[in-house]
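Asks: have a look at this prediction, sequence included:
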Amino acid sequence: MATFSFVHAADIHLDSPFAGVAASAPHIRDAMIQASFDAWRNLVDFCIEEQAAFLLLAGDVFDWEDRSIRAQLAFRDGCMRLAGHGIGVYAVHGNHDPLQGRYAAIELPANVKIFGSVRVESCIAELQGAPIAAISGISYQAKEEKRNLARMFASHAIPEGLFSIGLVHANLGSSTGHAPYAPCSMKDLSLDSVDYWALGHVHQKRIAGEEPYIVYPGNIQGRSFTEQGERGAYLVRVRGGAVASLDFRPLDAVRFLAINASITAHRTLDSLLQDMIDALYQATEDNPTLPLICRFILSGRGVLFHELIGPEAVEQLLENMRETFLDRDPFVWVEKIRCQCQPEKELSEFMGSDDLLARVLKDMADMESSPEDLLEFGRKSLKPLFGRRLVSGAMGKLSESDVLEMLAEARNLCIDLLGKEDA
């Protein structure tokens, strides 16, 4: 059997916005808007540099059901570049870009195969005119795909005698944090007729199995602080009809980083600030070629709690760090400082008395013990705000973590206002 390599990517999300991130500097806003397109270009470059036989795209090439013309043109242009190097493109559509969505009248080059949504389809990939792999796949017809698409491969006649790939956008084992579309299990993927499952939908890279290979490459560009760190695709080398190696290549154009800073050892704000600046310099050394969007999480217990719980000190720390890195190229943007630090005194000590603060803290603790009730309480309380279309459109739906975070901030504010004398 032939020796060859291919690239497995997913969740390109062309023309995707950055969720919940605002930047006042024009060059940072522009970079955020451009990031998904730059990451797509990086992916195309990667395929060409590695002389891949073909590129697999496991769903959500586009971010919207009604794809923008700009995104479709960028996809076409990248595929044309790949065609110029004899590299095929095999793609399925997912929940963000189902086949029923609207398309502009833009013709894709002949090297692109888009799999349909009615049944599993197969095609043969070639290298220099010789067959090297059987690629089988199926797309979403509509956004909320309830079928177990992976299970449909078992009844499909997959071509034999070649390295076999299953290409599908699916939620393996009901992965949390992702919509439960096209759910499947490890048992569904345990087919002798498939050597490599090229999955998409989950935005974290993961090798779920090796016999056969079951792989999520994650997305190629982080879009929020829930998608931190390097993002990219896998280069898969095949030798003797089996996977010889998988190598991950970061391809993101802008990187999200959350940085923890403890207040415990600090007695002054300038000491804390210097620690935070040093941490940013370390982040730039670790990521020398990439723009960074950073968020600081202030944690630990210490004497600076009461100074930091108010907005003024945090805003001044934020402004100072932004000014320090203002001229750095590529840019470093400190998006926010989130204060999760606590007073020196233990929470249980505040709750040990019978004053107003103790009663408030006990009520909050009861709320935390029942996340479902807390989430419902938070949504009802904030409905007048989130019920406004402009607010809900900009901020999205409240999650359980959002409500827990608000509760923690409210608790700290109560301690600051009602417990200063005891802290």
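Replies: Cool, got the structure. Numbers count the residues shown, from 1 in each chain.
Asks: name the SS class of the nearest residue to I124 once chain neighbours are set aside, please.
Replies: Once flanking residues are discounted, I124 sits nearest to P131: 4.8 Å by C-beta to C-beta, 6 or more residues apart in numbering. (Each C-beta comes from the backbone N, C-alpha and C, glycine too.) Per DSSP: H, G, I helix; E, B strand; the rest coil, the secondary structure class of P131 is strand.
Asks: quick check: Q316 vs R328, distance?
Replies: According to C-beta to C-beta, to the nearest Å, Q316 and R328 sit 20 Å apart.
Asks: and for the nearest residue to M364 once chain neighbours are set aside, the neighbour number?
Replies: Computed as C-beta to C-beta, 6+ apart, the closest residue to M364 that is not its neighbour in sequence is R411, at 5.3 Å. When neighbours are defined as other C-beta atoms under 10 Å, R411 has 20 of them.
Asks: which residue of the chain sits farthest from its center?
Replies: D354 (45.2 Å; C-alpha atoms, centre = their mean).
Asks: thinking again about what came up before, show me the beta-bridge partners of the residue nearest to I124.
Replies: In this structure, P131 bridges to E126 when assessed by DSSP bridges.
Asks: what ranges does the stretch 251-400 of the chain have for its helices?
Replies: 269-286, 305-309, 311-324, 347-350, 356-368, 371-381, 383-386, 389-395, 400-418 (DSSP state H, counting those that start in this stretch).
Asks: quick one: buried residues of the first one?
Replies: Spelled out, that is helix 269-286. Buried residues in helix 269-286, counted by 16 or more other C-beta atoms under 10 Å: 269, 272-273, 276, 279-280, 283-284.
Asks: next one: the third one
Replies: For helix 311-324, the neighbour count (16+ other C-beta under 10 Å) marks 313-314, 317-318, 321-322, 324 as buried.
Asks: on that earlier part again, same list, the helices of the stretch 251-400 of the chain, but as TSV with distance to G232 and mean pLDDT please.
Replies: Listed next are those as TSV, based on distance: least, C-beta to C-beta, whole Å; pLDDT from 0 to 100:
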stretch	distance to G232	mean pLDDT
helix 269-286	16	96
helix 305-309	36	88
helix 311-324	28	92
helix 347-350	41	68
helix 356-368	37	76
helix 371-381	34	72
helix 383-386	35	69
helix 389-395	29	53
helix 400-418	26	69
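Asks: break the protein down into its domains, please.
Replies: For the chain, automatic domain parsing gives the domain ranges 4-250, 254-344, 355-423.
Asks: quick check: which of these is buried the most?
Replies: Comparing those by mean neighbour count (mean count of other C-beta atoms under 10 Å), domain 4-250 ranks first with a mean of 19.
Asks: would you confirm that the residue nearest to I124 contacts E160?
Replies: No - the pair P131 / E160 is not scored as a contact, 11.6 Å apart, by C-beta atoms under 8 Å.
Asks: what sits closest to A52 if chain neighbours are left out?
Replies: Going by C-beta to C-beta, 6+ apart, A52 has V7 as its nearest residue, at 4.8 Å.
Asks: how far away is the one you found from R237?
Replies: 11 Å.
Asks: one step back: now the two most distant members of the buried residues of helix 311-324.
Replies: A313 and T324 (16.7 Å; C-beta to C-beta).
Asks: for the one residue sitting closest to the centre of the chain, grab phi and psi.
Replies: Nearest residue to the geometric centre of the chain (C-alpha atoms, centre = their mean): E227, 3.5 Å. With angles defined as degrees, to the nearest 10, E227 sits at phi -130, psi 60.
Asks: pretty sure it is touching H203, no?
Replies: Yes - with contact defined as C-beta under 8 Å, E227 reaches H203; the gap is 5.7 Å.
Asks: so A9 makes contact with G59?
Replies: No - the criterion here is C-beta under 8 Å, and A9 misses it with G59 at 10.2 Å.
Asks: hey, which helix or strand in this structure has the poorest pLDDT?
Replies: Least confident helix or strand, the chain: helix 389-395 with a mean of 53, by mean pLDDT, DSSP states H and E.
Asks: show me what contacts G78?
Replies: The neighbours of G78, taking C-beta atoms under 8 Å, 6 or more residues apart in numbering as the test, are 40-41, 43-44.
Asks: for F62, name its beta-bridge partners.
Replies: Here F62, judged by DSSP bridges, has bridge partners L14.
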